[in-house]
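Colleague: Please find the sequence and the predicted model below.
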Amino acid sequence: MVGQTPCPTVLVVDEADRHDRYRSWLPGYDVRTVETERAAADALSEGVNVLLLNACRHRDSALVERSHRHGARVALLAADNGGSVHGLNASVPRPVDRESVVATVETLLAHTTYDAALDELFVLCKRRAALLDGNADRSETVAALSRRIDALITELDTTIAEFATDDFRTAFRDVDTPQSDGETGRWRRRKTYSDRTQ
């Protein structure tokens, strides 16, 4: 890849006196900080990979839904019962420390990478199938696609092997219940890959 890959962006919604703490905990990321959900909603349009939302600041479930529409995964910090908040990808119970925050961010980004690889795999498989159905000789193109498909399958297998049990459930949590029509395509791709790995 030409050029430098931009570091992932983490948006933190918490009290101002804690902002420096998150920056020190996540030095390898573009950490942006705000104090309110309204400010967070505005910041999402600038591109965010992970949203860390302090439970005390969480008032409106619409922010979680909006985060997903913008492609961000959401974790609730200092959660007493994170499972009660619809749409959360993760929760960090009290006390919130560096280790738990770093682990949560890394896990959510791994899920994002997994989804991207799965989407690419689906597109390439469709492209290869179309070429194989055609009459023209596309052997070199098919071979190149097959190599990339094999590499993606290996990458996905490796990612799944590294997932903890809870991470694996999260990665496939919408297999049986897609959240919206817009997610149906990814749901089908996940189910296909899930069935292949059983």
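Modeller: Thanks, I have the structure now. Numbering: from 1, shown residues only.
Colleague: Next, Ala161: phi, psi?
Modeller: Torsion angles at Ala161 (phi, psi; degrees, to the nearest 10) stand at phi -60, psi -30.
Colleague: What segments of the protein are helices?
Modeller: Secondary structure of the chain (DSSP state H): helices located at 19-25, 37-44, 62-69, 98-133, 139-162, 165-171, 184-196.
Colleague: I figured Tyr22 hits Val13, correct?
Modeller: No - at 10.3 Å, Tyr22 does not count as touching Val13 under the criterion of CB atoms under 8 Å. The C-beta positions use only the backbone N, C-alpha and C, and glycine is treated the same way.
Colleague: In contact with the most centrally placed residue in the chain, which residues?
Modeller: Within the chain, one residue has its C-alpha closest to the average C-alpha position: by CA atoms, centre = their mean, that is Thr112, at 2.7 Å. For Thr112, the set of contacting residues under the criterion of CB atoms under 8 Å, 6 or more residues apart in numbering consists of 49, 71, 73.
Colleague: pLDDT score assigned to the nearest residue to the first one once chain neighbours are set aside?
Modeller: Think Asn49. Distances taken as CB to CB, 6 or more residues apart in numbering place Pro8 nearest to Asn49, at 4.3 Å, with adjacent residues excluded. Reading off the per-residue confidence, Pro8 sits at a pLDDT of 95.
Colleague: One more: the one 3 residues further on?
Modeller: In this model, Leu11 is scored at 97, pLDDT.
Colleague: pretty sure it contacts Val74?
Modeller: No - because the distance of 9.7 Å does not satisfy CB under 8 Å, Leu11 is recorded as not touching Val74.
Colleague: Need the residues touching each of these two.
Modeller: With CB under 8 Å, 6+ apart as the test, Leu11 and Val74 both reach 50-51.
Colleague: which residues of the protein score low on pLDDT?
Modeller: Under the criterion of pLDDT under 70, the regions of the chain flagged as low confidence span 1-5, 81-85, 135-136, 163-198.
Colleague: how about a cut-off of 50?
Modeller: In the predicted model, the chain carries pLDDT under 50 at residues 1-3, 82-83, 168, 171-198.
Colleague: Tyr22 and Val13: which is more packed in?
Modeller: Between Tyr22 and Val13, counted using other CB atoms under 10 Å, Val13 has the larger neighbour count: 25 against 22.
Colleague: wait, doesn't the more buried one sit right on Leu51?
Modeller: Yes - applying CB under 8 Å as the test, Val13 and Leu51 come out as touching, 7.1 Å apart.
Colleague: Between those two, which contacts overlap?
Modeller: Shared contacts of Val13 and Leu51 (CB under 8 Å, 6+ apart): Ala40.
Colleague: Perfect, I'm done here.
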